[in-house]
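Visitor: Quick one, structure for this:
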Amino acid sequence: MTEENINQGTSDSERCDSREAWIKVIGKLGRETQLHLDERYRSFQITDYIIHAVSIMLAILAIFNVYYVTVLYRDLNGIVENMDSMHANLQVIRGDMVEITGTVSDLNSHISNMDEITGHMGSMTTRLTNVRHNMDGISEHMGAIAEEMGLLDIGMSNIDYRTSNMSYSVSGMRYETRQMSRPMGIMP
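Guide: Reported below is the predicted structural model:
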């Protein structure tokens, strides 16, 4: 064989080896690509399952949220109705307190007339010594009662004033609660 033939034979075998190497590399690349595609497909399936599960959980949570908002709306309406009732009852109580205050004032004015009765009793004591002794005791008690009735009159006026303030506060709370529940009124 000539040298040319030997070189040609060597280059043919090298060409054959390089082709086999390319085929192996491309085959390996194809297998790796297929493995990667299979793994990616499995990842997408798992992701889809997770997305479906999360979507179902969110739908269930949304149903519960709508239910709880509806319950909250009903409860707030009940609170508003109770505050309306409380406001009406406080108005009645306020009227009763005004009447009680008037009655205590009348009673106080009547008790102030007890001083005149004490004076008349003093004139009777000149004749009835035992009666005078008892009437002096009554006079002392009547003075204490008059003082206590004066304090009671002041206390009733204070109660009337505070009841009026409570009525105003309940009106404010009722208004604020209605303002809070108004946005929830549009929900079923």
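Visitor: CA atoms for contacts and neighbours, from now on please.
Guide: Will do.
Visitor: what's next to stretch 72-92, contact-wise?
Guide: By Cα atoms under 8 Å, 6 or more residues apart in numbering, the list of residues contacting stretch 72-92 from outside reads 163, 166-167, 170-171, 173-174, 177-178, 181, 184-185.
Visitor: Return the subset of those lying in helices.
Guide: Those of the contacts of stretch 72-92 mapping onto helices are 163, 166-167, 170-171, 173-174, 177-178, 181, per DSSP state H.
Visitor: Would you mind checking which of the residues you listed the model is least sure about?
Guide: pLDDT across the ones in helices among the contacts of stretch 72-92 is lowest for residue 181, at 74.
Visitor: how many other residues sit next to that residue?
Guide: Here the number of neighbours of residue 181 (other Cα atoms under 10 Å) works out to 18.
Visitor: for this structure, what spans make up the helices?
Guide: For the chain, applying DSSP H gives helices covering 3-112, 114-125, 129-181.
Visitor: circling back to that earlier point, list buried residues within the contacts of stretch 72-92.
Guide: Buried subset of the contacts of stretch 72-92 (neighbour count, 16 or more other Cα atoms under 10 Å): 163, 166-167, 170-171, 173-174, 177-178, 181, 184.
Visitor: returning to that earlier point: format the ones in helices among the contacts of stretch 72-92 as CSV; extra columns: distance to residue 94.
Guide: Output for the ones in helices among the contacts of stretch 72-92, formatted as CSV (distance: Cα to Cα, whole Å):
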residue, distance to residue 94
163, 6
166, 10
167, 8
170, 13
171, 14
173, 18
174, 18
177, 23
178, 24
181, 28
